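Novice: Can you look at this prediction? I've put the sequence above it.
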Amino acid sequence: MAKEEEAKRGMKREGQADGVPHLDKEQKDLLQDLARREGTPIFVIDHEKIRENYREFKDHLPNVQIYYAVKANSNPRIVKTLFDLGCSFDVASMPEFMLVHENIRNMPDKERQDWIWDKIIYANTIKPIDTLEALDKYKPLVTFDNIEELRKIKLHAPNAGLVLRIRVPNTGSMVELSSKFGAHPGEAVDLIAEAFNLGLIVEGLSFHVGSQCTNFENYIQALQLSANIIKEAETRAGQRIKILDIGGGFPVKYNPEVKSLRTLTRRLNGEIKRLFTPDTEILAEPGRFMVANACSLVAKVIGKAVRDGKKCYYINDGIYHTYSGQIFDHCTYPVLAFREGEKQISAVFGPTCDAFDTITLGAELPELEIGDLVYSENIGAYSHASSTCFNGFPPAKVVHINR
Ligand SMILES: *Cc1c(COP(=O)(O)O)cnc(C)c1O
């Protein structure tokens, strides 16, 4: 027995050695206790882990101000935890803006700063007119990437400070963003000049290398492009461009192949030092990195069957809910059992009546019984968030007609 324990612990150590954050026995026991107490499915958020992630990021990029991208997980308690650490925020809708602003409003007067830029960047390059009008009184920092948006900002939020988002290589990133956002680098200097012509002020430049970026060359090329544009725009406009926003994309170790944050930040720090003057204000907008490994999901087996000789399990969470990230985020979440036993390849389905609600056809699971609990780890980013009002945008209002 003792030997078996040893062997298991040895295996666990091996499991951790790949660098992928796995739950240990104590954490797994806690999840099961919580599920018994609260029912299932439950999405468990470990706030100490979020604090650790924040500190790790800060340690590796000491000269960078962190703007947590709220869309990765917009749970208000996560925002509060990060806010209390001194974190700033990247928001992309008015509901997200107000979620952060509530924390600013609740600060003691003496700590509160009127300068909202220190706490919030509105980093959606496309903003509805009513949003611009609502934002203007806060004198916000907002991004843009095209001439139409510039004209809208001039009319509806002339007090905003501007950050031009440029299009940079997203090669190999799990989620590609460059097809939807970013001015072509060749147009960037013209757009900056145009903004100044309109009487607006361009404070900085931003980019996003794509989410879960494991090809660090994307960052290196983006920094070089940004440095060239800033230099040329400053010469042309005769104005200082002082903010560089290096966006998100910082990868999570979902699997052993993902290189550590340190490998990336060592290069980033070097390139930033080489390419930008020391008074440049560097911002980053990590989303996934802050929350992915801080959350776990526990669900229950509600049915089982054998189809074409394969074990099939039906659980009470699926693709339309917490596993939505498998569709929208292109991320896969292994379904794991608390129970031990010889493993076989099994299918796991969500609870809905749609065959699309298939979590996996290739889970390695021991024989499970109805009522057993299963879990997924590292599921904190773009999971819970994308199954409801993603990015703070509500679904269409229902209007009834009866004729
Ligand atoms: C989604 C998003 C982020 C966060 O990206 P991660 O890859 O989760 O770090 C940051 N900035 C902007 C503008 C985004 O749209």
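Specialist: Structure's in. What do you need? Residues are numbered from 1 along each chain as shown.
Novice: could you show me where the strands are in the stretch 1-150 of the chain, in order?
Specialist: 42-45, 64-69, 88-91, 120-122, 141-144 (DSSP state E, counting those that start in this stretch).
Novice: How about residues contacting the last one?
Specialist: The contact list for strand 141-144 (Cβ atoms under 8 Å, 6 or more residues apart in numbering) reads 116-117, 120-125, 127, 135, 150, 153, 157, 160-165, 191, 195, 203, 206, 243, 245. To be clear about C-beta, it is placed using only N, CA and C from the backbone, and glycine gets the same treatment.
Novice: Same question for the fourth one.
Specialist: Residues lying outside strand 120-122 but in contact with it, judged by Cβ under 8 Å, 6+ apart, are 67, 88-92, 97, 100-101, 104, 135, 138, 140-143, 163, 245, 283, 285.
Novice: please redo it, this time with the cut-off set to 7 Å
Specialist: By Cβ atoms under 7 Å, 6 or more residues apart in numbering, the residues outside strand 120-122 that reach it are 67, 88-91, 97, 100, 135, 140-142, 163, 245, 283.
Novice: same check, this time on stretch 24-43
Specialist: By Cβ under 7 Å, 6+ apart, stretch 24-43 touches 12, 44, 295-300, 316-317, 322, 338, 373, 375, 384.
Novice: Can you mark which positions in it are buried?
Specialist: Buried residues in stretch 24-43, counted by 16 or more other Cβ atoms under 10 Å: 28, 31, 35, 40, 41, 42, 43.
Novice: circling back: out of the contacts of strand 141-144, which sit inside helices?
Specialist: Members of those lying in helices (criterion: DSSP state H): 135, 150, 153, 191, 195.
Novice: Make TSV out of those and add neighbour count.
Specialist: Converted to TSV, those look like this (neighbours: other Cβ atoms under 10 Å):
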residue	neighbour count
135	24
150	21
153	22
191	22
195	22
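Novice: Among those, which pair sits farthest apart?
Specialist: Using Cβ to Cβ, the pair of these lying farthest apart is 135 and 191, separated by 20.1 Å.
Novice: re the thing from before, how about the strands of the stretch 1-150 of the chain in a markdown table, adding mean pLDDT and distance to the ligand?
Specialist: Output for the strands of the stretch 1-150 of the chain, formatted as a markdown table (pLDDT from 0 to 100; distance: least, Cβ to the nearest ligand atom, whole Å):
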| stretch | mean pLDDT | distance to the ligand |
| --- | --- | --- |
| strand 42-45 | 97 | 16 |
| strand 64-69 | 98 | 3 |
| strand 88-91 | 98 | 5 |
| strand 120-122 | 98 | 9 |
| strand 141-144 | 98 | 7 |
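Novice: Can I get these in a markdown table including distance to residue 304?
Specialist: Formatted as a markdown table, these follow (distance: least, Cβ to Cβ, whole Å):
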| stretch | distance to residue 304 |
| --- | --- |
| strand 42-45 | 21 |
| strand 64-69 | 39 |
| strand 88-91 | 43 |
| strand 120-122 | 48 |
| strand 141-144 | 49 |
